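J.: Next one to model:
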Amino acid sequence: MSHILTTLHAVAADPGLAILADGPVPAFNPALPDPVNNSAKTILSWTAGGGLTLAVLGGLSGWALTAIGHNTERAALAARGKQGVLWSLIGAGGIGMTSSLVLAVYKMSKGS
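T.: The predicted model follows:
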């Protein structure tokens, strides 16, 4: 065991490691050109907004199918409507989480 501790102490005391610890990676700030930056923002906004709009419309149509199925005593139609509502909620949550993650990574890469 003492050989491992001796080796670790020798490695930690090495002055070459102190130079590497100062920062071997240069300071680099990646940024997109402004035309690409503006079009990327537009595409991300339209995609997230359109996806959430379609998820809301899917939920509304699912509730309509549920209401029609219950009122006309068609259990299969009501069940499909309930599944549609559930999948619309799952889709909206996925779109919301994905757009938030993409926006967070996008802001981190810009450095703001």
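J.: Toward the C-terminus, what is the element adjacent to the helix or strand of the chain with the lowest mean pLDDT?
T.: Every helix and strand in the chain was compared by mean pLDDT, DSSP states H and E; the lowest is helix 15-21, with a mean of 56. The helix or strand immediately downstream of helix 15-21 is helix 34-71, counting by DSSP states H and E.
J.: which strands and helices sit next to whichever helix or strand comes after that following helix?
T.: As assigned by DSSP H and E, the chain's next helix or strand after helix 34-71 is helix 75-110. On a contact count with 3 or more C-beta pairs under 8 Å, 6 or more residues apart in numbering; DSSP states H and E, helix 75-110 meets helix 34-71. The way it works is simple: take the backbone N, C-alpha and C, and place the C-beta from them, glycine included.
J.: and the helix it packs on, which residues are buried?
T.: A48, G51, A55, G58, G59, G62, L65, T66, G69 (16 or more other C-beta atoms under 10 Å).
J.: Now it: average pLDDT?
T.: In this model, helix 34-71 carries a mean pLDDT of 87.
J.: and the angle from it to helix 75-110?
T.: If you take axes from the mean of the first three to the mean of the last three C-alpha atoms, to 10 degrees, helix 34-71 sits at 160 degrees to helix 75-110.
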